[in-house]
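>>> Need a 3D model of the following:
(2 chains)
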Amino acid sequence: MPTVRLRHPSEYPAAAQKLFDLSRSWFNHDFAQPPAMSRVMAWDPGFGAPHGRAMKRAMMPGEFSRAEKEMVAAVVSGVNACAY
Amino acid sequence: MSDDAPWYEAALVVGITNALNVVADAFGEPGPTEGLLRPLDEGHAAEPARALFAEVRAFYDCAEVPLPFALMAHDPAYAADVWDAVKWAFSDRHLSRRLKEALAFAVSLTSRSGFGTRFHLGEMRRLGVGERGVMEVLGVTQMFSSYTKIADTLQLEPDMGDIAPVDRSPAPGGDPIR
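Residues are numbered from 1 along each chain as shown, chains lettered A, B, ... in the order given. So this is what the prediction gives:
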């Protein structure tokens, strides 16, 4: 169980709703509600915005495709034993 | 990559990379266990080990046998089995060898393996990955080392598992689900 109460999307300000839209389009998936990590990142935009930009920059296709990078992300998460 | 096959391949790369790294880091990196087990000197090696060394050098196109294999070669039969698994795991199949080396680099970096980080960075470059590609893998590794720790600290529960469809195909050679 999370150590914090994850706020319902409606509890976030309008600026955060834009982040949730971006998240939906990034994953090309219509979530019932924004993923927990998106809601965590939207809690503090001073951190979440640059961190999200860095993530998108890192994940953009380059020498490696987005799919290949998702696989790199998955193995890093696995090695870190992160179930999320 | 919606099929399961590439993910099985990736997992095998992660596992065997870690297996090589733990041995090389324990006995080859500076620290209290450094040098406690010495690599087998090829000049004094018997035939099974010499043949293994030749195969390893050819696969990696290198003059010196990478440390984990030189350490394991004290037991040539064991080393040969591990080598077969390594060679199989890193060969081009659903995933390219180039991507597998990138995965191994990310794994090594994440698990703080000095040997693995150096070795797989070298392999990525040898297989044609440029500095931009190296930075891409570094960036993804770093970003997801951040996300995972944030998720763990807040004990977030997985909520993105249904993004991809489930692969209903059978195991290789098996019968489909009826």
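>>> of all the residues in chain A, which ones are close to chain B?
By Cβ under 8 Å from any Cβ of the partner chain, the residues of chain A that approach chain B are A:1-4, A:6, A:27, A:29, A:35-37, A:40, A:51, A:54-55, A:57-59, A:62-64, A:67-80, A:82-84. Just so you know, the C-beta spots here come from the backbone N, C-alpha and C atoms, and that holds for glycine as well.
>>> Just the buried residues of the residues you listed.
A:6, A:35-37, A:40, A:51, A:55, A:58-59, A:62-64, A:68-69, A:71-80, A:82, A:84 (16 or more other Cβ atoms under 10 Å in any protein chain shown).
>>> Restricted to helices, list those.
Among these, the members falling in helices (DSSP state H) are A:36-37, A:40, A:51, A:55, A:58-59, A:68-69, A:71-79.
>>> and for stretch B:103-117, what are the contacting residues?
A:71-72, A:75-76, A:79-80, B:10, B:13-14, B:17-18, B:20-22, B:24-25, B:28-29, B:67-68, B:90, B:95, B:119-121, B:123-124, B:134, B:137-138, B:140-141, B:145 (Cβ atoms under 8 Å, 6 or more residues apart in numbering or on different chains).
>>> Among those residues, name the ones in helices.
A:71-72, A:75-76, A:79, B:10, B:13-14, B:17-18, B:20-22, B:24-25, B:28, B:67-68, B:90, B:119-121, B:123-124, B:134, B:137-138, B:140-141, B:145.
>>> Quick one: buried ones out of the residues you listed?
A:71-72, A:75-76, A:79, B:10, B:13-14, B:17-18, B:20-21, B:24-25, B:28, B:67-68, B:90, B:119-121, B:123-124, B:134, B:137-138, B:140-141, B:145.
>>> Verify the contact between B:Ala151 and A:Tyr84 for me.
Yes: shown here, B:Ala151 and A:Tyr84 form a contact pair, counting by Cβ atoms under 8 Å, at 3.7 Å.
>>> Find residues that contact each of those two.
Contacts common to B:Ala151 and A:Tyr84, judged by Cβ under 8 Å, 6+ apart, are A:Ala36, A:Met37.
>>> And stretch B:122-137, end to end?
14 Å (Cα to Cα, to the nearest Å).
>>> quick one: is it near chain A?
Yes: applying Cβ under 8 Å from any Cβ, one finds stretch B:122-137 in contact with chain A at B:Val129, B:Gly130, B:Arg132, B:Gly133, B:Glu136, B:Val137.
>>> Surely the fifth one touches A:Ala58?
When you say that, I think you mean B:Glu136. Yes: B:Glu136 is within contact range of A:Ala58, at 6.7 Å (criterion: Cβ under 8 Å).
>>> so what sits against both of those two?
Common contact partners of B:Glu136 and A:Ala58 (Cβ under 8 Å, 6+ apart): A:Lys69.
>>> one step back: nearest to A:Pro13, out of the residues of stretch B:122-137 next to chain A: which one, please.
Using Cβ to Cβ, B:Glu136 comes nearest to A:Pro13 of the residues of stretch B:122-137 next to chain A, at 33.3 Å.
>>> Next, the contact list for the closest one, please.
So B:Glu136 contacts A:Ala58, A:Gly62, A:Glu63, A:Phe64, A:Lys69 (Cβ under 8 Å, 6+ apart).
>>> Look up the pLDDT of it for me, please.
Reading off the confidence values, B:Glu136 has pLDDT 98.
>>> and what of the one 5 residues further on?
In this prediction, B:Thr141 carries a pLDDT score of 98.
>>> ok, and the closest non-adjacent residue to B:Val65?
B:Phe53 (4.8 Å; Cβ to Cβ, 6 or more residues apart in numbering or on different chains).
>>> I appreciate the help and will end here.
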